[in-house]
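*Asks:* Generate a structure from the sequence data that follows.
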Amino acid sequence: MDGAIGQPVRRKEDHRLLTGKGEFSDDHSMPNQCWAVMVRCPFAHAAIKGIDTTSRGGDAWRIRSLYGR
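*Replies:* Numbering: from 1, shown residues only. Just a heads-up that it's a prediction; the model follows:
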């Protein structure tokens, strides 16, 4: 271990990712697959007074809108 600090460390995944052979969860699709989208307020310390979850606007693919208080 002498002199290990500051030395480059060879990682196992480098070759796979650099050659374009890496696999990610977004590369796979399943039947009836569902995705989640998180939306955050773009304003720091903003007071959100309400969220309108009733206007779906024809989004037949939307399953549910969830929000926390």
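*Asks:* use CA for all of it now, contacts and neighbours both
*Replies:* Will do.
*Asks:* so where does Arg11 fall, helix or strand?
*Replies:* Assigned by DSSP states H and E, Arg11 belongs to no helix or strand.
*Asks:* Tally up the residues packed near it, please.
*Replies:* 7 (other CA atoms under 10 Å).
*Asks:* And it, how far from Thr19?
*Replies:* According to CA to CA, to the nearest Å, Arg11 and Thr19 sit 14 Å apart.
*Asks:* swap in Val9?
*Replies:* 19 Å.
*Asks:* any low-confidence regions in this protein?
*Replies:* For the chain, the stretches with pLDDT under 70 are 1-3, 55-60, 68-69.
*Asks:* Gly20 - how many residues pack around it?
*Replies:* Gly20 has 8 neighbours, counted by other CA under 10 Å.
*Asks:* quick one: the helices in the protein?
*Replies:* Taking DSSP state H as the test, the helices found in the chain are 14-18.
*Asks:* That one: strands as residue ranges?
*Replies:* Using DSSP state E, no strands are assigned anywhere in the chain.
*Asks:* Around the nearest residue to Thr53 once chain neighbours are set aside, how many other residues sit close by?
*Replies:* Of all residues not flanking Thr53 in the chain, Ser65 sits nearest, at 6.4 Å (CA to CA, 6 or more residues apart in numbering). Other residues within reach of Ser65, judged by other CA under 10 Å, total 12.
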